[in-house]
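Asks: Only the shape, not the letters, is given here:
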């Protein structure tokens, strides 16, 4: 009889992911569920799913989840956490949701020091709608709405969210990691765990995760992950900006 | 206990009495007494007040708190309610109970801070995207601001339909003696759908995304059925001197108070006038209008502080069986008692300026 040494986390359902093959969302979902299992928090967790690629996150998470209107996940999470201060509340968001349409909610939720954790998946474009420019799109990056590449003269520069969030006094933890390689995945899991622990101790925590969008970047997943390590992380440095 | 308080404060206290412990709001005139009251009152009863960064945030905080199972409220005024419309559609679709209030001001656009009723369509016909309704109350006094807010919480929980208090700057700002119930026990409604952490049970999901169009249609059917149930069971109105009336004024909120004087003055001159005052404007008292027609009412005078919005619902209810006249003021101008009296008198005399 063989021992099981690797299995699906208990907090994750058996629904097959709808994500593109190689997409970082699947990895990040799994990491969140592994940490929730390890901390034994499945019955105490309430997550908020965004509008964007992760809109169906509640199909994969086997704990309570609320939908939110586009950009408003942090406001919904605020409402939930104020009612249930003893629960782990997670707001899971992409870059268009968090840094464009939801920027006001993002900043003010952090500034109030709401005791929630924001998981911010930065793949430098609007994935679900077919690859438009996001606030995080790199200078020169070609998207469906920047056919000649992002021009900083007219579209400005990519916004570094983890650094911006770290500048707010009430924030307890702000970090940027990546899921582009094994080292990054291990660091991301550690960061998620730290973020959950700090939330339960009574603070706001923010984990920005660089993740590939191989489909819209026009690369295979291996090259897309390599692109994160070599190019994306150059503009969005990995590290802890506040702790 | 009787207390001399403003309509806005009565509404806020009504919410507290109904067991509301969560309030999220953003400043806008003429409803600022509500967040001021809640920021002081809610902590006294173990509740939470949050000043949100915008109306968009307020309504989505309401979404979160309601999804979490709590009685929750936000209040605003006309431009702010427009900002909330997306969130209201999500609340209706996700079947999340809550109480909202729009203390209307002059519009459209930034308008002004004078009392108005230009948001009737937005309140009763949906307002946000998609096919939904709210339970809409139209209080005409500070007392009703309190009483109807309590009722709004109960009915919203019962039917899982968001409720709206559609008030205006006069009803919000006026002070009157209000009877404040001291031993009210809020209704207890089971919320097995609420997000409370999935300890010992399967997970709950609150959402309005249904990619399968047949499933989405099923939700729409369920909503329509609920609205039909509201039309059957929850219509509320006040009839004033309508028993023998031949001409009936239809008015809600502030103009309905003025209309009572117009009715009395017209009656003193021998005109058999009456007033029908819808208290719920969705569901609308259409059956009562029909029974007035059966009772020999040949003429209705709809009077509102807008250019004729409830007028359409009255015409639908009348369906060509009686004459429907209109007197309205817009932009924050209040309907005039002399003008209203003249109009109902001239209708009684067989001429009409409507």
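Replies: Everything's here; your move. This one's a predicted model, so the numbers in the text were calculated from it and none came from an experiment. Numbering: from 1, shown residues only, chains lettered A, B, ... in the order given.
Asks: Could you tell me how far the top helix by length along chain B lies from the centre of the chain?
Replies: Looking across chain B with DSSP state H, the single longest helix is helix B:213-233. Computed by CA atoms, centre = their mean, to the nearest Å, the chain-centroid distance of helix B:213-233 equals 20 Å.
Asks: I'd like the mean pLDDT over it, please.
Replies: Mean per-residue pLDDT for helix B:213-233: 98.
Asks: Does chain A have contacts with it?
Replies: No. For helix B:213-233, no contact with chain A is found by CB under 8 Å from any CB of the partner chain; the gap never falls below 13.3 Å. C-betas here are computed from N, CA, C, even on glycine.
Asks: Now do the buried residues in that helix.
Replies: B:223, B:226, B:227, B:230, B:231 (16 or more other CB atoms under 10 Å in any protein chain shown).
Asks: export the residues you listed to JSON lines and tack on distance to residue B:78?
Replies: Shown next, in JSON lines, are those (distance: CB to CB, whole Å):
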{"residue": "B:223", "distance to residue B:78": "25"}
{"residue": "B:226", "distance to residue B:78": "27"}
{"residue": "B:227", "distance to residue B:78": "24"}
{"residue": "B:230", "distance to residue B:78": "24"}
{"residue": "B:231", "distance to residue B:78": "26"}
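Asks: out of the residues you listed, who's nearest chain A?
Replies: Using CB to the nearest CB, residue B:223 is the member of the buried residues of helix B:213-233 that lies nearest chain A, at 16.8 Å.
Asks: Just want the phi and psi numbers for the residue of chain B found nearest chain A.
Replies: Chain B approaches chain A most closely through residue B:64 (2.4 Å), counting by CB to the nearest CB. Main-chain dihedrals, residue B:64, degrees, to the nearest 10: phi -60, psi -50.
Asks: what residues are up against it?
Replies: Applying CB atoms under 8 Å, 6 or more residues apart in numbering or on different chains, we find residue B:64 in contact with A:48, A:66, A:68, A:75, A:76, A:77, A:78, A:79, A:80, A:81, A:82, A:83.
Asks: Between the residues you listed, identify the one with the most neighbours.
Replies: The residue in these with the most neighbours, by other CB atoms under 10 Å in any protein chain shown, is residue A:75 (35 neighbours).
Asks: List the residues that contact it.
Replies: A:68, A:105, A:109, B:52, B:56, B:57, B:58, B:60, B:61, B:63, B:64 are the contacts of residue A:75 under CB under 8 Å, 6+ apart.
Asks: Need those residues in CSV (columns: distance to residue A:177).
Replies: Below are the contacts of residue A:75 laid out as CSV (distance: CB to CB, whole Å):
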residue, distance to residue A:177
A:68, 23
A:105, 23
A:109, 21
B:52, 30
B:56, 30
B:57, 28
B:58, 33
B:60, 28
B:61, 29
B:63, 30
B:64, 27
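Asks: Closest one to residue B:147 out of those residues, please.
Replies: residue B:58 (24.2 Å; CB to CB).
Asks: First-to-last residue distance for stretch B:313-323?
Replies: 14 Å (CA to CA, to the nearest Å).
Asks: List the backbone torsions phi and psi for the residue nearest to residue B:108 when sequence neighbours are not counted.
Replies: Distance criterion CB to CB, 6 or more residues apart in numbering or on different chains; nearest residue to residue B:108, sequence neighbours excluded, is residue B:118 at 6.9 Å. Main-chain torsions, residue B:118, degrees, to the nearest 10: phi -70, psi 0.
Asks: got it, and residue B:299?
Replies: Per-residue torsions, residue B:299: phi -140, psi 140 (degrees, to the nearest 10).
Asks: What residue in chain A comes nearest to chain B?
Replies: residue A:79 (2.4 Å).
Asks: For residue A:117, see how far away the closest residue to that residue other than its chain neighbours is.
Replies: Nearest non-adjacent residue to residue A:79, counting by CB to CB, 6+ apart: residue B:64, 2.4 Å away. In this view, residue B:64 and residue A:117 are 15 Å apart by CB to CB, to the nearest Å.
Asks: repeat for residue A:215
Replies: In terms of CB to CB, residue A:215 sits 28 Å off from residue A:117.
Asks: Below-threshold pLDDT in chain B: ranges please.
Replies: By pLDDT under 70, the weakly predicted segments of chain B are B:351-354.
Asks: What strand or helix carries residue B:41?
Replies: Secondary structure from DSSP states H and E places residue B:41 in helix B:33-44.
Asks: so does that helix get close to chain A?
Replies: No. Contact of helix B:33-44 with chain A (CB under 8 Å from any CB) is absent, the minimum separation being 10.8 Å.
Asks: by contact count, what packs against that helix?
Replies: Helix B:33-44 sits against helix B:7-17, strand B:22-25, strand B:48-51, with contacts defined as 3 or more CB pairs under 8 Å, 6 or more residues apart in numbering or on different chains; DSSP states H and E.
Asks: Listing partners with orientation, what would you give for the last one?
Replies: Strand B:48-51 has these partner strands in its sheet, going by DSSP bridges: strand B:22-25 (parallel).
Asks: Now find how far off-centre the strand it pairs with is within its chain.
Replies: Its chain's C-alpha centre and that of strand B:22-25 lie 18 Å apart, by CA atoms, centre = their mean.
Asks: what's it in contact with?
Replies: For strand B:22-25, using CB under 8 Å, 6+ apart, the contacting residues are A:79, A:82-83, B:12, B:15, B:34-35, B:38, B:42, B:47-52, B:57-59, B:61-62, B:65, B:70-76.
Asks: give me that answer again for 7 Å
Replies: Residues from elsewhere that reach strand B:22-25, judged by CB atoms under 7 Å, 6 or more residues apart in numbering or on different chains: A:79, A:82-83, B:34-35, B:38, B:42, B:47-52, B:58, B:61-62, B:65, B:70, B:72-75.
Asks: Okay, strands next: where are they in chain A?
Replies: Applying DSSP state E to chain A gives strands spanning A:45-49, A:64-67, A:88-94, A:117-122, A:125-126, A:132-133, A:171-178, A:204-210, A:239-242.
Asks: Out of these, which one sits most buried?
Replies: strand A:88-94 (a mean of 30; mean count of other CB atoms under 10 Å in any protein chain shown).
Asks: Contacts for stretch A:221-232, please.
Replies: Outside stretch A:221-232, the residues that touch it by CB under 7 Å, 6+ apart are A:21, A:22, A:124, A:138, A:178, A:180, A:181, A:210, A:212, A:214, A:217, A:219.
Asks: now with 10 Å?
Replies: Here stretch A:221-232 makes contact (CB atoms under 10 Å, 6 or more residues apart in numbering or on different chains) with A:20-24, A:122-124, A:136, A:138, A:140-141, A:158, A:178-181, A:183-184, A:210-220, A:233-234, A:236, A:238.
Asks: how about that stretch: buried residues?
Replies: Per 16+ other CB under 10 Å, stretch A:221-232 contains these buried residues: A:221, A:224, A:225, A:227, A:228, A:229, A:232.
Asks: mind checking the longest helix of chain A?
Replies: helix A:182-200.
Asks: In chain A, where is pLDDT below threshold?
Replies: Ranges of chain A meeting pLDDT under 70: A:1.
Asks: What ranges does it have for its helices?
Replies: So, for chain A - with DSSP H - the helices run A:24-38, A:73-83, A:95, A:103-111, A:152-155, A:161-166, A:182-200, A:214-217, A:221-227, A:233-235.
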